[in-house]
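Q: model the structure of this input:
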Amino acid sequence: MSPVEDALARALREEWSRVVATLAKRFGTLDIAEDAAAEAFATAAERWPADGVPPNPGAWLSTTATRKAIDRIRRESGRDAKHREAQLVYDYDPEPLGAIDDDRLRLIFTCCHPALAMEARVALTLRMVGGLTVAEIARAFLVHETTMGARITRAKGKIAAAGIPYRLPSADDLPGRVSGVLAVLFLIFNEGYLASAPDTAPVREELTGEAIRLARLVHSLLPDDGEAAGMLALMLLIDARRSARVSSGGELVPLGEQDRGAWDAALIAEGHALVRERLASGVAPGRYQLLAAINAVHTDGDRPDWGQVVALYDHLLRLDPSPVVRLNRAIAVGELDGPEAGLALLDPLEPQLVEYHAYYAARADLLRRFGRAAGAAAAYDAAIALAGNTAEVAFLARRRDAL
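A: Here you go, the predicted model:
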């Protein structure tokens with residue numbers, strides 16, 4: 001991406017919601033605000049490559065959009081009337097607009113438009129608002145980078161072709177969009193929790209921290225939404241283990257070998273309380289609530305109850321029979337009933353997870369425990385070749401070399 005394209009993408013992420021909200025408040029109509037903002041961004045796309053990116057892109061966009069809005073008013077109204085409306089520009093005191101006070105969360109809800117397919121809206125939002133690269137999004141969806149790039153391009157094309165309007169979400173819009181928002185936040189958190197690129201830190205705290213901050217806001221906006229509570233609990237229980245996940249030598253430390261005394265007891269207590277609250281509600285749990293419950297078991301006591309973990313994965317499979325969920329259940333069965341039982345469930349998944357490093361890492365560990373060193377070494381090699389996280393690569397290499 002060129003510097004100009006990067007500036008435009010950053011401006012869209014950071015300024016679009018603010019510019020539209022400001023204009024709508026100033027001129028009293030969202031239609032004018034949307035049209036003026038769109039014209040301003042189109043003008044930027046034409047002029048910035050030739051003139052260079054202005055020192056303050058946000059101010060440039062706001063000024064240009066304001067002029068476009070005034071021009072629109074002048075065209076549609078008499079001269080006296082349009083002067084009175086334009087004068088509002090000088091009297092406006094910015095304040096939050098709509099149901100969501102936080103700019104970034106508002107933009108995420110806005111981009112998760114129900115007219116787009118779920119995968120498309122999540123991928124597009126991750127790119128334009130979440131700050132993830134196409135390669136990072138592709139790894140999250142287990143697809144090739146070119147495939148994900150085409151998917152994002154098609155989503156943009158559908159917005160343009162169908163004339164899908166940019167609308168700041170009202171309180172009534174939130175329940176219909178929250179599933180996409182939670183998916184976006186979960187993938188941002190995952191990229192921070194276990195960074196997929198070799199040229200970044202193994203754990204990106206700026207991503208995990210922002211995802212948790214936004215998850216707290218979603219939970220406060222929708223306190224009765226079980227999945228919003230489950231998502232927050234899941235993030236808290238995972239993030240509580242962050243300080244114990246990477247050794248001083250830069251190597252990933254698996255859950256069973258972590259120093260539990262280094263875990264954040266306050267985050268664990270908060271996560272457990274959210275899980276108990278959802279269980280007490282009597283409402284059938286959703287995907288994120290079940291994942292939170294699994295992590296609650298992992299953080300309860302000195303050793304997880306693998307029977308409970310397998311039972312929870314059985315419930316989760318009925319909601320999400322994806323290969324990744326089946327992989328994690330196979331790992332849990334391997335802990336409960338032994339490596340041979342785990343391998344029997346793992347082997348059929350290879351065609352679907354042939355480019356997923358975690359599959360080969362799990363297979364290598366089960367084969368190692370089963371005493372099949374040659375097969376374990378080959379699986380470790382495959383996992384190392386596919387893994388991008390430097391701490392994970394170091395851990396896998398040590399395990400392979402110790403065979």
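
Q: just the strands in the stretch 201-350 of the chain please.
A: Along the stretch 201-350 of the chain, no stretch is classed among the strands by DSSP state E, counting those that start in this stretch.

Q: now N328, nearest residue through space, not along the chain?
A: Spatial nearest neighbour of N328, chain neighbours left out: Y313 (6.4 Å); criterion: Cβ to Cβ, 6 or more residues apart in numbering. C-betas here are computed from N, CA, C, even on glycine.

Q: count the residues that sit near the one you found.
A: Using other Cβ atoms under 10 Å, Y313 has 20 other residues around it.

Q: just A228 next, same as before
A: Neighbours of A228 (other Cβ under 10 Å): 29.

Q: what packs against the helix or strand hosting P49?
A: P49 belongs to helix 30-51 when elements are defined using DSSP states H and E. Of the remaining helices and strands, those touching helix 30-51 by 3 or more Cβ pairs under 8 Å, 6 or more residues apart in numbering; DSSP states H and E are helix 3-27, helix 57-76.

Q: contacting residues for A387?
A: Shown here is A387, whose contacts under the criterion Cβ atoms under 8 Å, 6 or more residues apart in numbering are H357, A361, V393, L396.

Q: off-centre distance for the helix or strand hosting I108?
A: Assigned by DSSP H and E, I108 belongs to helix 103-111. When distances are taken as Cα atoms, centre = their mean, to the nearest Å, helix 103-111 is centred 13 Å away from the chain's centroid.

Q: from the contact counts, what lies against it?
A: With 3+ Cβ pairs under 8 Å, 6+ apart as the test, helix 103-111 has helix 3-27, helix 118-125, helix 174-193, helix 205-221 packed against it.

Q: mind redoing it with 6 Å?
A: Helix 103-111 is packed against helix 3-27, helix 174-193, with contacts defined by 3 or more Cβ pairs under 6 Å, 6 or more residues apart in numbering; DSSP states H and E.

Q: weakest of the ones you listed by average pLDDT?
A: For the helices and strands packed on helix 103-111, the bottom mean pLDDT is recorded on helix 3-27, which sits at a mean of 64.

Q: can you put the contacts of A387 in JSON lines and add pLDDT, distance to V181 and neighbour count?
A: Listed next are the contacts of A387 as JSON lines, based on pLDDT from 0 to 100; distance: Cβ to Cβ, whole Å; neighbours: other Cβ atoms under 10 Å:
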{"residue": "H357", "pLDDT": "92", "distance to V181": "28", "neighbour count": "21"}
{"residue": "A361", "pLDDT": "95", "distance to V181": "30", "neighbour count": "23"}
{"residue": "V393", "pLDDT": "92", "distance to V181": "32", "neighbour count": "21"}
{"residue": "L396", "pLDDT": "93", "distance to V181": "34", "neighbour count": "26"}
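
Q: nearest to L345, of those residues?
A: Ranked by distance to L345 (Cβ to Cβ), the contacts of A387 are led by A361 at 15.6 Å.

Q: any idea how far R400 is from that closest one?
A: For A361, the distance to R400 under the criterion Cβ to Cβ, to the nearest Å works out to 10 Å.

Q: same check, this time on H315
A: H315 sits 35 Å away from R400 when distances are taken as Cβ to Cβ.

Q: so between those two, which is more surrounded?
A: Neighbours per residue (other Cβ under 10 Å) separate H315 from R400, with R400 holding more: 19 against 15.

Q: quick check: the more buried one touching Y380?
A: Yes - the pair R400 and Y380 qualifies as a contact (Cβ atoms under 6 Å) at a distance of 3.6 Å.

Q: leaving out chain neighbours, which residue sits closest to A195?
A: The shortest distance from A195 to any non-neighbouring residue, by Cβ to Cβ, 6+ apart, is to R204 (5.0 Å).

Q: just give the number of residues close to G334.
A: Around G334 sit 24 other residues, with neighbours defined as other Cβ under 10 Å.

Q: what sits against it?
A: Contact criterion Cβ atoms under 6 Å, 6 or more residues apart in numbering gives G342, L366 as the residues in contact with G334.

Q: ok, 7 Å please
A: A341, G342, L366 (Cβ atoms under 7 Å, 6 or more residues apart in numbering).

Q: likewise for L367?
A: Neighbouring residues of L367 by Cβ under 7 Å, 6+ apart: G375, A376, A379.

Q: model confidence for the first one, exactly?
A: Reported pLDDT at G375 in the predicted model: 95.

Q: domain parsing for the protein?
A: Domain assignment of the chain by automatic domain parsing yields the ranges 3-90, 341-401.

Q: comparing those by mean pLDDT, which bottoms out?
A: Comparing mean pLDDT across the domains of the chain, the lowest value falls on domain 3-90: a mean of 66.

Q: and the residue nearest to R242 when sequence neighbours are not counted, how many neighbours?
A: When the adjacent residues along the chain are set aside, R242 lies closest to V203, with 6.2 Å between them (Cβ to Cβ, 6+ apart). Burial of V203 is recorded as 19 neighbouring residues (other Cβ under 10 Å).

Q: isn't V203 up against V246?
A: Yes - V203 is within contact range of V246, at 6.3 Å (criterion: Cβ atoms under 7 Å).

Q: and the closest residue to L274 other than its chain neighbours, how far is that from A171?
A: For L274, ignoring the flanking residues on the chain, the nearest one in space by Cβ to Cβ, 6+ apart is A233 at 3.7 Å. Here the criterion is Cβ to Cβ. By it, A233 lies 24 Å from A171.

Q: looking at those two now, which is surrounded by more residues?
A: For A233 and A171, the more surrounded residue by other Cβ under 10 Å is A233, and the numbers stand at 29 against 11.

Q: for the more buried one, what are its contacts?
A: Here A233 is in contact with G271, L274, V275, A292 (Cβ under 7 Å, 6+ apart).
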